[in-house]
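[1] dropping the sequence and predicted coords here.
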Amino acid sequence: MAPADLAPPTMRDVLDARRLLAPHLDPTPARTYPALDRATGVRVVVKHENLQPTGAFKVRGALNLLLRLTPEDRARGVTAFSTGNHAQAVAHAARTARAACTVVMPTDPNPTKAAAVRDLGARLVLAGTTFDDAREHATALAADDGSRLVSAANEPLLVAGVATAYVELLEHAPDLDVLVVPVGGGSGAAAACLVARAVAPGLEVVAVQSSASPAAHDSWRAGQPVSRPNTSRAEGLATGTGFDLTQAVLREHLDDFVLVDDDAIDRAAALYLTAVRTVAEGAGAAALAAVLADPARFAGRRVGVVCSGGNASPAELRRVCAHLPR
Ligand SMILES: *Cc1c(COP(=O)(O)O)cnc(C)c1O
């Protein structure tokens with residue numbers, strides 16, 4: 001079990017987040033595309049979290065957390081660690097909530113994401129080679145300067161904020177049979193599970209991670225958080241350990257957890273370009289990659305896939321374009 005202060009959010013917390021976020025974020029579209037259905041052989045509904053102001057869903061959670069900080073906490077500021085999208089989300093929310101913000105990213109970050117963090121006015125510190133190194137550095141920094149450390153997943157308010165995406169999706173498409181959600185720290189998948197269990201009990205929730213960074217997947221299968229090699233090119237999926245809060249929710253509610261490899265993710269990102277006219281970063285394309293990897297499983301069902309983010313680096317875009325049809 002997660003420690004008591006890491007109790008998962010309730011549906012009431014999710015609806016409270018929805019009310020708080022409404023003036024700050026427009027609902028994102030959920031759309032169908034005949035070309036995508038033809039390419040996959042599945043009836044797909046794409047939830048376009050790539051259209052958030054920060055280009056990824058995480059801003060929902062960060063705003064829900066930062067807007068609830070006490071004036072004292074705001075004055076002390078916040079520190080986050082991230083490969084990029086959590087960083088942008090916290091930086092964006094800190095600007096909205098008028099809190100000082102420090103972000104620790106691994107050295108050699110996705111330049112698109114690092115630039116966005118600076119543009120949002122946060123202090124950017126580059127430390128360590130992986131997400132897990134950045135986490136250690138940020139923890140030490142926050143202990144030193146008294147700022148509030150904002151974890152990428154062990155935060156009930158983040159999960160509650162992220163869950164608003166799934167309320168929107170199920171309002172739009174209440175007849176979904178399956179929902180496929182990409183996983184790094186697990187906030188998105190945990191949020192999807194909590195909403196599905198509350199309002200759509202028959203909805204199957206399937207999580208997906210990269211086989212090059214399988215910590216969340218392996219933690220779920222093992223029944224306890226484990227550490228694993230962490231080499232996925234898809235930064236949003238690249239975590240080396242399972243997080244207690246989200247793992248506890250996934251253990252209780254998740255139906256299945258699959259792995260896809262990074263090349264399959266690139267092919268799915270290429271399909272987003274051609275069939276959906278959408279730039280998806282690797283993590284944002286992973287749910288579609290899982291559908292492409294197992295068409296028999298999804299055939300004849302209405303499948304929600306979360307396009308969780310669109311912040312692809314220039315190098316990533318060049319690589320994905322190599323998969324475009326001639
Ligand atoms: C963070 C992220 C994920 C994974 O979400 P978690 O809540 O950490 O599991 C997926 N896609 C994108 C684009 C992300 O930024």
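    Nice, thanks for sending it over.
[2] could you pull out the strands for the stretch 1-150 of the chain?
    Secondary structure of the stretch 1-150 of the chain (DSSP state E, counting those that start in this stretch): strands at 30-31, 43-48, 78-81, 101-105, 123-126, 148-150.
[3] pLDDT below threshold where in the chain?
    Low-confidence segments of the chain (pLDDT under 70): 1-5.
[4] one step back: and the strands of the stretch 1-150 of the chain as JSON lines, adding distance to the ligand?
    Heads up, the C-betas are built off the backbone N, CA and C, glycines and all. Shown next, in JSON lines, are the strands of the stretch 1-150 of the chain (distance: least, CB to the nearest ligand atom, whole Å):
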{"stretch": "strand 30-31", "distance to the ligand": "16"}
{"stretch": "strand 43-48", "distance to the ligand": "12"}
{"stretch": "strand 78-81", "distance to the ligand": "12"}
{"stretch": "strand 101-105", "distance to the ligand": "13"}
{"stretch": "strand 123-126", "distance to the ligand": "17"}
{"stretch": "strand 148-150", "distance to the ligand": "13"}
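[5] make a markdown table out of those and add distance to G202 and mean neighbour count.
    Shown next, in a markdown table, are the strands of the stretch 1-150 of the chain (distance: least, CB to CB, whole Å; neighbours: other CB atoms under 10 Å):
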| stretch | distance to G202 | mean neighbour count |
| --- | --- | --- |
| strand 30-31 | 19 | 18 |
| strand 43-48 | 16 | 22 |
| strand 78-81 | 36 | 28 |
| strand 101-105 | 40 | 27 |
| strand 123-126 | 44 | 16 |
| strand 148-150 | 34 | 22 |
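[6] of those, which is nearest A165?
    strand 43-48 (6.5 Å; CB to CB).
[7] give me the helices and strands touching that closest one, please.
    Judged by 3 or more CB pairs under 8 Å, 6 or more residues apart in numbering; DSSP states H and E, the packing partners of strand 43-48 are strand 30-31, helix 34-40, helix 156-172, helix 282-293, strand 302-307.
[8] partner strands of that strand, parallel or antiparallel?
    Strand 43-48 sits in its sheet next to strand 30-31 (antiparallel), strand 302-307 (parallel), going by DSSP bridges.
[9] and that strand, how far from the chain's centre?
    Mean-position distance between strand 43-48 and its chain equals 16 Å (CA atoms, centre = their mean, to the nearest Å).
[10] may I have it exported as CSV, CA atoms only?
    Below are the C-alpha coordinates for strand 43-48, written out as CSV (Å, rounded to 0.1, in the frame of the first residue of the first chain):
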residue,chain,number,x,y,z
ARG,A,43,-12.5,2.2,-34.4
VAL,A,44,-10.1,4.6,-32.7
VAL,A,45,-10.9,7.8,-30.7
VAL,A,46,-7.9,10.0,-30.2
LYS,A,47,-7.8,12.1,-27.1
HIS,A,48,-5.7,15.1,-28.2
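[11] center of this protein - which residue?
    In the chain, the centroid-proximal residue (CA atoms, centre = their mean) is G188; its distance is 5.1 Å.
[12] any idea how many residues pack against the residue lying closest to it once chain neighbours are set aside?
    Using CB to CB, 6 or more residues apart in numbering and skipping the chain neighbours, the partner closest in space to G188 is V181 (5.2 Å). Other residues lying near V181 total 28 when counted by other CB atoms under 10 Å.
[13] what's the angle from the helix or strand hosting I265 to helix 282-293?
    Assessed by DSSP states H and E, I265 sits inside helix 262-271. Inter-element angle recorded for helix 262-271 and helix 282-293: 90 degrees (by axes from the mean of the first three to the mean of the last three CA atoms, to 10 degrees).
[14] and helix 262-271, anywhere near the ligand?
    No - Helix 262-271 is not in contact with the ligand by CB under 6 Å from any ligand atom; minimum separation 10.7 Å.
[15] with only the CA atoms kept, save that helix in PDB.
    Only the C-alpha atoms of helix 262-271 are listed here, as PDB (Å, rounded to 0.1, in the frame of the first residue of the first chain):
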ATOM      1  CA  ASP A 262      10.900   2.200 -29.600                       C
ATOM      2  CA  ASP A 263      10.800   1.500 -33.300                       C
ATOM      3  CA  ALA A 264       7.200   0.500 -33.200                       C
ATOM      4  CA  ILE A 265       6.600   3.800 -31.400                       C
ATOM      5  CA  ASP A 266       8.300   5.700 -34.300                       C
ATOM      6  CA  ARG A 267       6.100   3.900 -36.800                       C
ATOM      7  CA  ALA A 268       3.000   5.000 -34.800                       C
ATOM      8  CA  ALA A 269       4.300   8.600 -34.700                       C
ATOM      9  CA  ALA A 270       4.600   8.400 -38.500                       C
ATOM     10  CA  LEU A 271       1.000   7.200 -38.700                       C
END
